[in-house]
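Student: Provided below for reference: sequence and predicted model.
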2 protein chains.
Amino acid sequence: MAAFSFNKLVIFGVGLIGGSLARALRERDGVSGARTVVGVGRSAASTARALELGVIDAAATFDDPVALRAALAGADIVLLAAPVAQTQPLLERIAPLLDAATIVTDAGSTKSDVVAAARAALGSRVAQFVPGHPIAGRESSGVDAALADLYVDRNVVLCALPENAPRDVERVAAMWRASGAAVHEMSPEQHDRVLASVSHLPHVLSFALVEQILGSPDAALKFSFAAGGFRDFTRIAASSPEMWRDICVANRAALLDELDDYTAVLARLRAAIEAGDGAALEAVFARSREARSGWQAGGSKTGTDDASK
Amino acid sequence: MAAFSFNKLVIFGVGLIGGSLARALRERDGVSGARTVVGVGRSAASTARALELGVIDAAATFDDPVALRAALAGADIVLLAAPVAQTQPLLERIAPLLDAATIVTDAGSTKSDVVAAARAALGSRVAQFVPGHPIAGRESSGVDAALADLYVDRNVVLCALPENAPRDVERVAAMWRASGAAVHEMSPEQHDRVLASVSHLPHVLSFALVEQILGSPDAALKFSFAAGGFRDFTRIAASSPEMWRDICVANRAALLDELDDYTAVLARLRAAIEAGDGAALEAVFARSREARSGWQAGGSKTGTDDASK
């Protein structure tokens, strides 16, 4: 069990992701200190449920400068668990209120844009910001869905900046390890490329299939004969439109690279189908099956990715 | 409970699909008659397990003309549950041995090619052949995976030919209803278009994503950070390469139409991503989510499609 001690953690956005971290650090073994968790939301209503559930000890609203100052005073760590598009305005608001010793981190699904937002908002104080991404989620969202074990055996990626003090990066890593996660380091560009490939692109492809069927003249008939293959392939097409809009825009460069590579693979398969080249198709399908089966056998890939961010 | 009576059913290919029909007709209520089921395989080994499990009463091999003639004598119904590419050679072999009163049907995932194969193999006797497709399956295959309730609440499509006697079509429909399925009629072209859209295309798209990742320089890194979205999207990329090769070749015209439509939708999404047009992306994603959520709520879409054909 990883040991981790904190006195005050401030979470902006106490939904599934922020709430699960709060619950993990309050309920799991090996965590010590005063362990006070303060939640900050857009309105009092948005943190009321987290208070009621005991996920947080106190709440503040984003637009109340006095309460916000009190919330941030003496904080060990601040976690931004709001949609990535809010990173820059959030950081601009809290920058003048931050103690010099407070470490700020985030849980956003994209990292290059978050780093740019942090540099723009924090200037030379960007050293206090350690970018991160817990690759975890559930189909349900909101603080009611928060679980103390959401991060157990899940991956968290940290994209440390050159300006970060190694001990600050290690402190954020220790926090995630205390919640049960395995922590990895990557550059923001590498993170965004990897996630574009295995998460963002599949979401776009899945939304696109449902969109295509909706636009066809026999859409109702097609949906009524769709079965298990369609169900699995399109499960992620029921994801949050707002969240995936933001991700697609924030990570557009990496996503377009992956989309173009994918389109090239699809063109190759199209040519094989048109030519009736069964051997070429079978070779691709057999390679894919082997890789996919090996991946499944290789670990516990449960839950959804990015369900709430 | 639908009533159905038969004396002798002959199944070519006693795997998941054929075996499940045999079990359903032997174990479910409302089925009467002598209910003898004869399995035919490529070799004695391929039917031995079905005999051992009591799924069939007797077995014959495809290349033993004497046993095959005895198997077919007096059969009410013959079901072809072998890969679709074998339809024509199977029908050519059994054509001279068929009683005039025997109805032949199949369980193939594609129908236009099966109809063409039946016309080529049976000539004027094609009236005895009622093309069909039970849209059902499991992740596991083979007769050990056969279930008496595999077809309960699943869809079976019959593509009756102009030459078919209505009472023969009704008899095949009654057989599937007795196994628990809902029976629908479509033209072969309509069936192939619908299945190309909601089953064949998603399989190709899923195989293509794994193929793309395999071909990228950081494949191992990508696989190691893949999570729930990837898992769902690529579950069908672990499907049988041989089966999907045959389906892609057999249904190539409809599949290419769907693939081209899909590529056009993807190009539209690509343009919106490149332009950073969040409103356009959100509109598509919101439409897709609503349709997908409505589909899920609308019925029991369990199991996999075409797991074994």
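Tutor: Structure received.
Student: okay, now A:Cys213: neighbour count?
Tutor: Wrong residue type there; residue A:213 is Ile, not Cys. The burial count assigned to A:Ile213 is 29, neighbours taken as other Cβ atoms under 10 Å in any protein chain shown. For the C-beta atoms, the positions are set from N, CA and C on the backbone; glycine is no exception.
Student: any idea how far A:Arg35 lies from A:Gly41?
Tutor: Using Cβ to Cβ, to the nearest Å, we find A:Arg35 at a distance of 20 Å from A:Gly41.
Student: out of these two, which sits in the busier spot?
Tutor: Here A:Arg35 and A:Gly41 are compared on neighbour count by other Cβ under 10 Å; more neighbours surround A:Gly41, at 24 against 16.
Student: any idea what sits nearest that one, other than its immediate chain neighbours?
Tutor: A:Thr47 (4.2 Å; Cβ to Cβ, 6 or more residues apart in numbering or on different chains).
Student: burial measure for that neighbour, as a count.
Tutor: 24.
Student: Going along the chain, name the helices of the stretch 201-309 of chain A.
Tutor: Taking DSSP state H, counting those that start in this stretch as the criterion, the stretch 201-309 of chain A contains helices spanning A:201-214, A:219-224, A:228-234, A:241-250, A:252-274, A:278-297.
Student: Could you save the ones you listed as TSV and add columns showing mean pLDDT and distance to chain B?
Tutor: TSV is the format used below for the helices of the stretch 201-309 of chain A (pLDDT from 0 to 100; distance: least, Cβ to the nearest Cβ, whole Å):
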stretch	mean pLDDT	distance to chain B
helix A:201-214	98	4
helix A:219-224	96	5
helix A:228-234	94	4
helix A:241-250	93	4
helix A:252-274	98	5
helix A:278-297	95	4
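Student: Which single residue of the stretch 51-200 of chain A approaches chain B most closely?
Tutor: A:Val198 (3.9 Å; Cβ to the nearest Cβ).
Student: Isn't that residue up against B:Ile213?
Tutor: Yes - with contact defined as Cβ atoms under 8 Å, A:Val198 reaches B:Ile213; the gap is 7.0 Å.
Student: end-to-end on stretch A:192-203?
Tutor: With Cα to Cα, to the nearest Å as the measure, stretch A:192-203 spans 15 Å from end to end.
Student: Going by neighbour count, which residues in that stretch are buried?
Tutor: Residues of stretch A:192-203 classed as buried: A:Asp192, A:Arg193, A:Val194, A:Leu195, A:Ala196, A:Ser197, A:Val198, A:Ser199, A:His200, A:Leu201, A:Pro202, A:His203 (neighbour count, 16 or more other Cβ atoms under 10 Å in any protein chain shown).
Student: outside of the helix or strand hosting the residue nearest to A:Gly41, which residues touch it?
Tutor: Using DSSP states H and E, the element containing A:Thr47 is helix A:44-52. Outside of helix A:44-52, the residues within contact range by Cβ atoms under 8 Å, 6 or more residues apart in numbering or on different chains are A:14, A:19, A:22, A:39-41, A:56, A:58-61, A:142-144.
Student: Near chain B, which residues of the stretch 1-150 of chain A are found?
Tutor: By the rule Cβ under 8 Å from any Cβ of the partner chain, the part of the stretch 1-150 of chain A lying against chain B is A:Ile135, A:Ala136, A:Gly137.
Student: on that earlier part again, could you report the pLDDT at the residue nearest to A:Gly41?
Tutor: Note on A:Thr47: pLDDT of 94.
Student: One more: A:Asp305?
Tutor: At A:Asp305, the pLDDT recorded in the model is 57.
Student: Name the nearest residue to the residue of the stretch 51-200 of chain A closest to chain B, ignoring sequence neighbours.
Tutor: Nearest to A:Val198 is B:Ala226, by Cβ to Cβ, 6+ apart, at 3.9 Å.
Student: Check that neighbour and give its pLDDT.
Tutor: Looking at B:Ala226, its pLDDT is 95.
Student: Could you double-check that it sits in contact with A:Trp295?
Tutor: Yes - B:Ala226 is in contact with A:Trp295 according to Cβ under 8 Å; the separation is 6.7 Å.
Student: one step back: centre of the chain to the helix holding A:Thr47, how far?
Tutor: 22 Å (Cα atoms, centre = their mean, to the nearest Å).
Student: And the residue most central in space within chain A, how far from A:Leu122?
Tutor: The residue lying closest to the centre of chain A (Cα atoms, centre = their mean) is A:Ser109, at 3.8 Å. Using Cβ to Cβ, A:Ser109 is found at 20 Å from A:Leu122.
Student: before we move on, the earlier item: looking at the contacts of helix A:44-52, which are in helices?
Tutor: Using DSSP state H, the members of the contacts of helix A:44-52 that fall in helices are A:Gly19, A:Ala22.
Student: By pLDDT, give me the weakest of the contacts of helix A:44-52.
Tutor: A:Gly142 (89).
Student: Tell me where the stretch 51-200 of chain A has helices.
Tutor: Applying DSSP H, counting those that start in this stretch to the stretch 51-200 of chain A gives helices spanning A:65-72, A:87-94, A:112-122, A:166-178, A:188-195.
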